[in-house]
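Q: A structural model of the following input is requested.
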Amino acid sequence: MKIGFAGLGVMGGPMARHLVQNGHDVAGFNRSPDKARAWAAATGGRFAETVHDAAAGVELFILCVGNDDNVREVVAAALPALGEGAVIVDHTTTSAKVARELAELAAQQGVSFIDAPVSGGQAGAENGQLSVMAGGDAAALVRIEPILMHYAKAVKHMGPAGSGQLTKMVNQIAIAGVVQGLAEAVHFAQTAGLDTDAVYDAVSKGAAQSWQMDNRWKTAAAGQFEFGFAVDWMRKDLGLVLDEARSNGSHLALTALVDQFYSEVQSMGGSRWDTSSLAARLQRTSPTSGGSGRG
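A: Residues are numbered from 1 along each chain as shown. Have a look, this model is predicted:
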């Protein structure tokens, strides 16, 4: 398939690479042209100087950029180059509002717009193991799902436009609560003078087990946070969640509290630390902490 891809960062770059490796003709655009040129040279994909160039004549146009405004800008530039029947897939985490807005705009030109945020982080993108939650035209999704499966382990249609973004919000709400619980558990274990490795062995095979525990317990206990999904990105996502909650009447007291805890991590200099760095704000005050004591 002839595909355009906009946004070749830590997520989009490997996702687009998987498409090239599976035999598709992929034109890659990035706001920083040097990054797009490097991606094309490394993967065998085509360099696109503009969004219009990346979208010209393609059957599928994919984007993975920064925020609502970035998505609006890219889609506005791509639509004039897309023919009737083309499909736009947006993997950016955005508001549900912008997803609905752009689905309506695309439909006016006979183009399908699918909001399809992902979960799995950079490792999931690199390894082709992302989970995709999609909103929009179900028939259009069926057409292009085999393409998305080159970098995903699961694609789930959630309903009309915006439903994918709402589902991603559910994902981030759940993560926020689990990571805060993990941070407090590590802090308690350290303050109580327990061997945190032994604690992990004791509790990780029972009801407390989670992906976060398996992948972040030991690094959080060691005060290691220079990797993973950045606090800045999580705060952007939680901002979308809290905005939507104000609109739909949801009560998200814990999510709002964790968002404030992340603001403290930012003030400690942890804007680019992994989301597990909620532990860092507790380690500052723990007299027996095995952590780094950053801040």
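Q: Averaged pLDDT, stretch 28-46. What do you get?
A: Stretch 28-46 carries an average pLDDT of 98.
Q: Go through it and flag the buried ones.
A: For stretch 28-46, burial by neighbour count (16 or more other CB atoms under 10 Å) applies to Gly28, Phe29, Asn30, Arg31, Lys35, Ala36, Ala38, Trp39, Ala40, Thr43, Gly45, Arg46. From N, CA and C alone the C-beta is placed, and that goes for glycine too.
Q: ok, the fifth one to Ala77 distance?
A: Spelled out, it's Lys35. Here Lys35 is placed at a distance of 18 Å from Ala77 (CB to CB, to the nearest Å).
Q: Repeat that for the last one.
A: In this view, Arg46 and Ala77 are 17 Å apart by CB to CB.
Q: I'd like to know how many residues surround Gly249.
A: Neighbourhood size, Gly249 [other CB atoms under 10 Å]: 6.
Q: can you pull the pLDDT of it?
A: pLDDT for Gly249: 98.
Q: change the start of the numbering to 29 and stick with it
A: Right, with 29 as the first residue, what we last looked at is Gly277.
Q: On the three-state scheme, the nearest residue to Ala248 once chain neighbours are set aside is what?
A: Spatial nearest neighbour of Ala248, excluding adjacent residues (CB to CB, 6 or more residues apart in numbering): Ala307 at 4.1 Å. For Ala307, the assignment made with DSSP: H, G, I helix; E, B strand; the rest coil gives helix.
Q: Count residues in the vicinity of Ala307, would you?
A: Ala307: 33 surrounding residues under other CB under 10 Å.
Q: okay but Ala83 is in contact with Leu110, surely?
A: Yes - the criterion here is CB atoms under 8 Å, and Ala83 meets it with Leu110 at 5.5 Å.
Q: Need the overlap of contacts for these two.
A: Phe89 (CB atoms under 8 Å, 6 or more residues apart in numbering).
Q: So these two - more neighbours on which side?
A: Neighbour totals were compared for Ala83 and Leu110, and Ala83 leads with 29 against 24 (other CB under 10 Å).
Q: ok, the more buried one - contacts?
A: Counting by CB under 8 Å, 6+ apart, Ala83 has contacts Gly32, Phe89, Ala105, Ala106, Leu107, Ala109, Leu110.
Q: Please enumerate the strands of the stretch 29-178 of the chain.
A: 30-34, 53-57, 74-75, 88-91, 115-118, 140-143, 146-147, 158-163 (DSSP state E, counting those that start in this stretch).
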